[in-house]
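>>> build me a model from this:
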Amino acid sequence: MGSTTALNEMIHAPEIVVMPGVFDPFSAKLAERAGFAAVQCSGAAISGVHFGRPDYSLISLDDMLACTARIVRAVRIPVMADGDNGFGNAVNTHYAVQAFEEAGAAGVNLEDQITPKRCGHLDGKHILDLHEATIKIRAAAEARRDPDFVINARTDALAVEGIEGVIQRGNAYLDAGATMIFVEGVTSREEIRQAAANIDGPVAVNVIEGGKSPHHLTFRELQDLGVARVSLPGALLMAALGGMRHALERIQAEDSTANLDDLFVPFREAHDLIGMRDIEELEKRYLA
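Numbering: from 1, shown residues only. Now for the predicted structure:
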């Protein structure tokens, strides 16, 4: 089974799909080894880690494609790409979808914000009118060559038009060919329940710790509310940043790295994670 079909089936299955947000091969491999069935490329994390820029339409389609392709090559599980708002109009969106599919992604997020877009848990968002946003989703759906390639249509309408706008847009995007509707910026159990009950297809949400998400809800509770997929776009990045900051503070305070084993992945494990054992086997085979 291909990755697109696998991801599509996960989304339509009764059990919720939990997708950690990844930003490089290391984070993707760790998620795969931890037993997660799929991962989500986090555009905000990719922008910050690889380019030192905020999530504000400051990196190009080619930049995002290159990072996504490296993540896809690193794991065997399906990878959902982050297509921002299609990197332009409906024509740009059409070609962006084809490019992500060619890069090996199993699906892509596409949002209805205007350019420059911003993190969905920040204030000051502006969204396209319904007609233009729907045309962009139709362009995306018609661009895919594999009918199982997942078009995850994200709407930021909750902060602008309320739950009624979310429901109207969600159903319009499904009619235009979207696979799933990603309701960004939910703040309560009731908003999630209403969206899942009134949108006629799979509904996704995300959980951003410190953002607007009701992150006290368990994944099982989200499933019971009708959510098909939950992404965790910031969890791994914030954990990595916290770990690095703590390590650096201790190195400064202790004048050494001698007592930091409790913070470190073992040296050999780090090299094995990225494939050093394979290199060594090839060396034995070809260079003995």
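
>>> list the buried ones in stretch 6-17?
Neighbour counts using 16 or more other C-beta atoms under 10 Å place Ala6, Leu7, Asn8, Met10, Ile11, Ile16, Val17 of stretch 6-17 among the buried residues. From N, CA and C alone the C-beta is placed, and that goes for glycine too.

>>> okay, and which of the residues you listed map to strands?
Among the buried residues of stretch 6-17, the residues falling in strands (DSSP state E) are Val17.

>>> Leu222: which of the buried residues of stretch 6-17 is nearest?
Nearest to Leu222 among the buried residues of stretch 6-17, counting by C-beta to C-beta, is Ile16 at 6.0 Å.

>>> dump the residue contacts of that closest one.
Phe219, Arg220, Leu222, Gln223, Val227, Ala228, Arg229, Val230 (C-beta atoms under 8 Å, 6 or more residues apart in numbering).

>>> kindly supply the ChimeraX command isolating those of those that are buried.
Selection of buried members from those for ChimeraX, criterion 16+ other C-beta under 10 Å:
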select :222,223,227,228,229,230
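
>>> secondary structure and pLDDT added to the contacts of Ile16, as a markdown table?
Below are those laid out as a markdown table (DSSP: H, G, I helix; E, B strand; the rest coil; pLDDT from 0 to 100):
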| residue | secondary structure | pLDDT |
| --- | --- | --- |
| Phe219 | helix | 97 |
| Arg220 | helix | 97 |
| Leu222 | helix | 97 |
| Gln223 | helix | 98 |
| Val227 | coil | 98 |
| Ala228 | coil | 98 |
| Arg229 | strand | 98 |
| Val230 | strand | 98 |
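
>>> any chance of the contacts of Ile16 in a markdown table, plus distance to Ser256?
Output for these, formatted as a markdown table (distance: C-beta to C-beta, whole Å):
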| residue | distance to Ser256 |
| --- | --- |
| Phe219 | 40 |
| Arg220 | 44 |
| Leu222 | 44 |
| Gln223 | 47 |
| Val227 | 47 |
| Ala228 | 49 |
| Arg229 | 45 |
| Val230 | 41 |
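
>>> got phi/psi on the spatially closest residue to Glu111 that is not a sequence neighbour?
The shortest distance from Glu111 to any non-neighbouring residue, by C-beta to C-beta, 6 or more residues apart in numbering, is to Arg154 (4.0 Å). The phi/psi pair for Arg154 (degrees, to the nearest 10) reads phi -90, psi 130.

>>> related to what we said a few turns ago, which one of the contacts of Ile16 sits closest to Asp55?
Out of the contacts of Ile16, the member with the shortest distance to Asp55 (by C-beta to C-beta) is Val230, at 19.1 Å.

>>> check contacts around the closest one.
Ile16, Val17, Val18, Met19, Ala204, Val205, Asn206, Val207, Phe219, Leu222.

>>> so in terms of bridging, what pairs with it?
Beta bridges link Val230 to Val18, Val205, judged by DSSP bridges.

>>> could you measure from it over to Ala176?
24 Å (C-beta to C-beta, to the nearest Å).

>>> cool, Ala153 as well?
From Ala153 to Ala176 the distance is 8 Å (C-beta to C-beta).

>>> so for those two, which sits in the more crowded spot?
Neighbour tally, Ala153 and Ala176, criterion other C-beta atoms under 10 Å: the higher count belongs to Ala153, 29 against 19.

>>> confirm the more buried one sits in a strand?
Yes. With DSSP: H, G, I helix; E, B strand; the rest coil as the criterion, Ala153 is part of a strand.

>>> wait, it touches Ile137, no?
Yes. Counting by C-beta atoms under 8 Å, Ala153 touches Ile137, with 5.1 Å between them.

>>> shared neighbours of the two, which are they?
Here Ala153 and Ile137 have Leu110, Tyr173, Ala176, Ala178 as joint contacts, going by C-beta under 8 Å, 6+ apart.

>>> what is the most widely separated pair among those?
Across those (C-beta to C-beta), the longest gap, 10.9 Å, separates Leu110 and Ala176.

>>> which residues are common contacts for these two?
What both Leu110 and Ala176 touch, as defined by C-beta under 8 Å, 6+ apart, is the set Ile137, Ala153.

>>> so which residue is dead centre in the chain?
Gln40 (3.0 Å; C-alpha atoms, centre = their mean).

>>> listing partners with orientation, what would you give for the helix or strand harbouring that one?
Assigned by DSSP states H and E, Gln40 belongs to strand 39-41. Taking DSSP bridges as the criterion, strand 39-41 forms sheet pairs with strand 17-22 (parallel), strand 79-82 (parallel).

>>> pull the distance from the helix or strand just after it to the chain's centre.
For strand 39-41, the following helix or strand on the C-terminal side (DSSP H and E) is helix 43-51. Chain-centre distance of helix 43-51: 12 Å, with C-alpha atoms, centre = their mean, to the nearest Å.
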